[in-house]
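Enquirer: Okay, here's the prediction I keep looking at, along with the sequence it came from:
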Amino acid sequence: MKQRILIKYFGQIAEVTNKTSEYLDVEKTSSVETIINQLNHVYPSLKSQDFNVAADQKIVDRETEISGEVELALLPPFAGG
């Protein structure tokens with residue numbers, strides 16, 4: 001069974017995808033890694049990018065399971081100061 005999630009892109013990731021957000025249909029329960037792999041097929045240049053992933057505004061690791069209505073954000077590395 002599929003679910004639709006919102007993916008938001010920021011900084012250089014938005015430049016690679018040429019959009020700031022989109023909806024993506026994924027399996028009802030998917031890991032962040034599975035979703036990233038799905039995006040890599042659509043945007044091959046994404047593979048060379050370094051980024052963090054946030055689920056509902058909390059940074060998560062790639063093994064995190066996603067289910068339900070979740071907003072994912074792909075965030076480029078932050079510069080410290």
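Expert: Great, that's in hand. Numbers count the residues shown, from 1 in each chain.

Enquirer: Residue 5 in helix, strand or coil?
Expert: strand (DSSP: H, G, I helix; E, B strand; the rest coil).

Enquirer: Strands of this protein, residue ranges please.
Expert: 2-9, 21-27, 29-31, 52-55, 58-60, 65-67, 71-75 (DSSP state E).

Enquirer: Would you convert these into a markdown table that also reports mean neighbour count and distance to residue 45?
Expert: Bear in mind the C-beta positions are built from the backbone N, C-alpha and C, glycine included. Shown next, in a markdown table, are those (neighbours: other C-beta atoms under 10 Å; distance: least, C-beta to C-beta, whole Å):
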| stretch | mean neighbour count | distance to residue 45 |
| --- | --- | --- |
| strand 2-9 | 16 | 12 |
| strand 21-27 | 13 | 16 |
| strand 29-31 | 17 | 22 |
| strand 52-55 | 17 | 17 |
| strand 58-60 | 12 | 23 |
| strand 65-67 | 15 | 23 |
| strand 71-75 | 19 | 13 |
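
Enquirer: Need the ones you listed in CSV (columns: mean pLDDT).
Expert: Listed next are the strands of the chain as CSV, based on pLDDT from 0 to 100:
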stretch, mean pLDDT
strand 2-9, 94
strand 21-27, 93
strand 29-31, 90
strand 52-55, 96
strand 58-60, 96
strand 65-67, 90
strand 71-75, 97
